[in-house]
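Novice: Show me the folded form of this:
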Amino acid sequence: MNIQSGRKSTLMLIVLVLTWGISWSIYKMALAYSPPLLFAGLRSLFGGAILALFLLPKARNLQWRRNWRRYAISALLNTAGFYGLQNFGLSYMPAGLFSVLVYFQPILIGLFAWLWLGEKMTVLKVLGLILGFVGIVAVSADGFTGELSAIGIALGLLSALCWALGVIYVKKESKHVDAMWMVAAPSFLGGIALTAVGSFTESWAEVAWNGTYWAGLGFGATFGVPITFVIYYTLVNQGDASKVATFTFLVPLIAVLAGTVFMNEPFTYSLLVGLALIVLSICFVNRPSAPSLKRQALETATREA
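Specialist: Reported below is the predicted structural model:
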């Protein structure tokens, strides 16, 4: 990876983490005016449709007859499973604790990438993933209030599992399908499924079509679905899935910091401890192994010679 490519990837990671971080607060405000499945369904449906419109000049790359099964599986895991379970789970548990369960995903990705993608699993990487999860627990410690719900815990872990499996599946199939269409088509299909289920289980009369709702839906349909997931899967397909996933540990931290800055929520010691652990986690997971360092030194010496 050259310097320019490295800077581009870093910028993409910053945009991704910041967008996902502030989205929790935006969606939370919008969900006060809409049932969860209908909101998640419309967000995914509109997001997939918007991206598909931009991709129309390259419609040939969709190759629907050859890839429809891949799109359907990704829609089931990344949209219907992840978004649907996530929105249901938030109604059973405090947001802080639920976010800890959802962000068990990077650890699952590290495990699945090792098992199915052949990525190396070093001691430092394992330690880094564990530290990152502990950091998430610390960041969200102040939200551990209320009674624990077995259903909520199950939904949170299933949401993390769907997301992790979805990411691994997308990377595994990346050689067979256009990366942009692999975001647009599953988002559209999953959005249709969630909206259909929401139409039968929820009431459209409960949707308040006000400015806050439209702002949340508009953010989700632009930044929240097409832009961030194109960035995320681009980074995953270009590099080590577990390393990219580790940076998502920063998302709950950004969410809490946003609450501190814009909503006057307190900055606690647990937040500071969580920040330190997450930063340490990212350093451990992204630290090159000894053979990699030797190879880099050899390449540098060869270029200088």
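Novice: tally of neighbours for Val236?
Specialist: The local packing count at Val236 equals 23, with neighbours defined by other C-beta atoms under 10 Å. Just so you know, the C-beta spots here come from the backbone N, C-alpha and C atoms, and that holds for glycine as well.
Novice: swap in Ala52?
Specialist: Using other C-beta under 10 Å as the criterion, the residues surrounding Ala52 number 19.
Novice: Any stretches of the protein with poor pLDDT?
Specialist: 1-5, 94-97, 139-148, 240, 259-260, 262-267, 271, 286-305 (pLDDT under 70).
Novice: Any idea which residue is closest to the centre of it?
Specialist: Nearest to the centroid of the C-alpha atoms of the chain, with distances taken as C-alpha atoms, centre = their mean, sits Thr248, at 6.8 Å.
Novice: That one against Gln105, yeah?
Specialist: Yes. Contact between Thr248 and Gln105 holds when scored by C-beta atoms under 8 Å: they sit 6.9 Å apart.
Novice: What strand or helix carries Gly84?
Specialist: Using DSSP states H and E, the element containing Gly84 is helix 82-89.
Novice: Report the backbone C-alpha coordinates of that helix in PDB.
Specialist: The C-alpha atoms that make up helix 82-89 are tabulated as PDB, following Å, rounded to 0.1, in the frame of the first residue of the first chain:
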ATOM      1  CA  PHE A  82     -28.800  -6.800  11.400                       C
ATOM      2  CA  TYR A  83     -31.200  -3.800  11.200                       C
ATOM      3  CA  GLY A  84     -34.300  -5.700  12.100                       C
ATOM      4  CA  LEU A  85     -32.900  -7.500  15.200                       C
ATOM      5  CA  GLN A  86     -31.100  -4.300  16.300                       C
ATOM      6  CA  ASN A  87     -34.300  -2.200  16.200                       C
ATOM      7  CA  PHE A  88     -36.300  -4.900  18.100                       C
ATOM      8  CA  GLY A  89     -33.500  -5.300  20.700                       C
END
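Novice: packing partners for it?
Specialist: Using 3 or more C-beta pairs under 8 Å, 6 or more residues apart in numbering; DSSP states H and E as the contact definition, the elements that helix 82-89 packs against are helix 36-55, helix 95-102, helix 150-172, helix 181-201.
Novice: want to throw the ones you listed into JSON lines with distance to Ala258?
Specialist: Formatted as JSON lines, the entries for these read as follows, by distance: least, C-beta to C-beta, whole Å:
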{"stretch": "helix 36-55", "distance to Ala258": "19"}
{"stretch": "helix 95-102", "distance to Ala258": "13"}
{"stretch": "helix 150-172", "distance to Ala258": "21"}
{"stretch": "helix 181-201", "distance to Ala258": "25"}
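Novice: one step back: could you check the angle helix 36-55 makes with the helix holding Gly84?
Specialist: With axes from the mean of the first three to the mean of the last three C-alpha atoms, to 10 degrees applied, the angle from helix 82-89 to helix 36-55 works out at 160 degrees.
Novice: Contact partners for the residue lying closest to Leu194 once chain neighbours are set aside?
Specialist: Counting by C-beta to C-beta, 6 or more residues apart in numbering, the nearest residue to Leu194 once its immediate chain neighbours are dropped is Gly41, at 3.3 Å. Contact partners of Gly41, counting by C-beta atoms under 8 Å, 6 or more residues apart in numbering, are 191-198.
Novice: try Leu129
Specialist: If a contact means C-beta under 8 Å, 6+ apart, then Leu129 has 106-107, 110, 242, 246, 281, 285 as its contacts.
Novice: ok, how many other residues are close to Val197?
Specialist: Counted by other C-beta under 10 Å, the residues lying close to Val197 total 16.
Novice: Just give the closest residue to it, not the sequence neighbours.
Specialist: Nearest non-adjacent residue to Val197, counting by C-beta to C-beta, 6+ apart: Leu37, 5.9 Å away.
Novice: quick revisit: starting at the chain centroid, how far to the helix holding Gly84?
Specialist: Relative to its chain's centre, helix 82-89 lies at 13 Å (C-alpha atoms, centre = their mean, to the nearest Å).
Novice: Do a quick rundown of the helices in the stretch 201-305 of the chain.
Specialist: According to DSSP state H, counting those that start in this stretch, the stretch 201-305 of the chain carries its helices in the segments 211-219, 228-238, 241-246, 250-262, 269-286, 290-304.
Novice: Could you dump these into TSV with distance to Ala32 added?
Specialist: As requested, these are exported to TSV (distance: least, C-beta to C-beta, whole Å):
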stretch	distance to Ala32
helix 211-219	7
helix 228-238	22
helix 241-246	30
helix 250-262	16
helix 269-286	25
helix 290-304	48
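Novice: Please name whichever of the ones you listed is nearest to Trp20.
Specialist: The minimum distance between Trp20 and those falls on helix 250-262, with 4.6 Å, by C-beta to C-beta.
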